[in-house]
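K.L.:
below are the sequence and a predicted model; questions follow.
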Amino acid sequence: MKQKRLGTTGPSVSALGLGCMGMSGGIYGQSDDAESVATILAAVEGGVTLVDTGDFYGNGHNELLVGRALKELDRDAVQLSVKFGGLRDPAGGWGGFDGRPAAVRNFLAYSLVRLGTDHIDVYRPARLDPAVPIEETVGAVAEMVEAGYVRHIGLSEVGSETIRRAHAVHPIVDLQIEYSVLSRGIEDDILATCRELGIAITAYGVLSRGLIAGTGPTADPSDFRAHSPRFQGENLTRNLSLIDRLSPIAQRYGISVAQLAIAWVAAQGEDIVPVVGMRKRSRLDDAYAALAVELTPADLADVDAALPAGEVAGARYAEAQMAALDSERK
């Protein structure tokens, strides 16, 4: 598989990353642990080296799943990306984010045990803690780099000012943030900042949580999409009609609109890596086929014309969650 480098100081990784969040916590409905582990193993066997998880996914369940897979893999063949700091209660509810240096060390200690590894390749705060300067949070991770427990530092869902402040403390290799044909907010400012500083983008939400693939909330009450503005009422109707506009472009290559969406993100630059969430091995071949498509400048212009930036109906998170995103602050 083609490789891309995470920033000017980061590692080389596969041009496609595997997002593991959906394997835990019922966020997109229930999943099967054995199939999830098999999917991770199959992805790495197929050339995927970037595996993304978070310590709060399923209250630690996701890291345990990834750890099960790592036992059967060459650890050096995997670049493990881990988000930290999200606070949960026993019922799975959210309690904010903790970016204090003492908390950073605590989160890392537990993650290393759950993952069964002695280091994490890219460690990143999942969100900005408004009560803790980013310099303190990143400084604490930098100490863990110095101690050998972390190889590289990343960020997630933060804006340009925070990126600059963090990068001044320690080189940042990538920013993990939502980016898709429906979510193009980073093009306003954040993408330019990252490129100026030599920071890659690891793009999640490439399929807009299944919306681009035409899938909606399951009957599971924990399914995130049941509360997502983009999946509600008239918003959903409008968004599905927007996605339909992409069908003629996808048909040129004999691929689905979902595959076109993956190819579109991959085509946005050598510094952008799509991280696609998958829970079943059957989804891997579709993603590989999407990467094999090389969209032309004319194709990209046609996508822009069919679905201009800002056309999507509804915010990408509910109001309270949007308010907590540093990346959405103007």
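P.N.:
Thanks, I have it.

K.L.:
in the stretch 51-200 of the chain, what residue spans correspond to helices?
P.N.:
Under the criterion DSSP state H, counting those that start in this stretch, the stretch 51-200 of the chain carries helices at the ranges 61-70, 101-115, 134-147, 160-169, 190-197.

K.L.:
buried deepest among the ones you listed, which one?
P.N.:
The densest packing among these, expressed as mean neighbour count by mean count of other Cβ atoms under 10 Å, is seen in helix 61-70 with a mean of 22. Just so you know, the C-beta spots here come from the backbone N, C-alpha and C atoms, and that holds for glycine as well.

K.L.:
residue 81 versus the residue lying closest to residue 24 once chain neighbours are set aside, what's the distance?
P.N.:
In space, not counting the residues next to it along the chain, residue 24 is nearest to residue 58; the distance is 2.9 Å by Cβ to Cβ, 6 or more residues apart in numbering. According to Cβ to Cβ, to the nearest Å, residue 58 stands 17 Å off from residue 81.

K.L.:
likewise residue 136?
P.N.:
22 Å.

K.L.:
cool, and residue 298?
P.N.:
Between residue 298 and residue 81 the distance is 34 Å, computed by Cβ to Cβ.

K.L.:
same question for residue 55.
P.N.:
Remark: distance between residue 55 and residue 81 (Cβ to Cβ) = 12 Å.

K.L.:
so between the two, which is more surrounded?
P.N.:
Counted by other Cβ atoms under 10 Å, residue 55 and residue 81 do not tie: residue 81 has more neighbours, with 29 against 23.

K.L.:
in this structure residue 145 contacts residue 151, no?
P.N.:
Yes - assessed by Cβ atoms under 8 Å, residue 145 is found in contact with residue 151 at 7.0 Å.

K.L.:
for residue 218, report the pLDDT, please.
P.N.:
The predicted local distance difference test score for residue 218 is 58.

K.L.:
quick one: contacts of stretch 62-75?
P.N.:
Counting by Cβ atoms under 8 Å, 6 or more residues apart in numbering, stretch 62-75 makes contact with 20-21, 23-25, 33, 36-37, 40-41, 44, 51, 53-55, 57, 78, 80, 82, 111, 114-117, all of which sit outside it.

K.L.:
pull out the buried members of these.
P.N.:
Among the contacts of stretch 62-75, those classed as buried by 16 or more other Cβ atoms under 10 Å are 20-21, 23-25, 36-37, 40-41, 44, 51, 53-55, 57, 78, 80, 82, 111, 114-115, 117.

K.L.:
out of those, list just those in strands.
P.N.:
In this view, these that belong to strands under DSSP state E are 51, 53, 54, 80, 82.

K.L.:
what's opposite the fourth one in the beta bridge?
P.N.:
Same thing as residue 80. Per DSSP bridges, residues listed as beta-bridge partners of residue 80: residue 51.

K.L.:
can I assume it is in contact with residue 116?
P.N.:
No - taking Cβ under 8 Å as the definition, residue 80 is not a contact partner of residue 116, at 10.8 Å.

K.L.:
buried residues in the lowest-mean-pLDDT helix or strand in the chain?
P.N.:
Ranked by mean pLDDT, DSSP states H and E, the helix or strand of the chain with the weakest confidence is helix 319-323, at a mean of 74. For helix 319-323, burial by neighbour count (16+ other Cβ under 10 Å) applies to residue 321.
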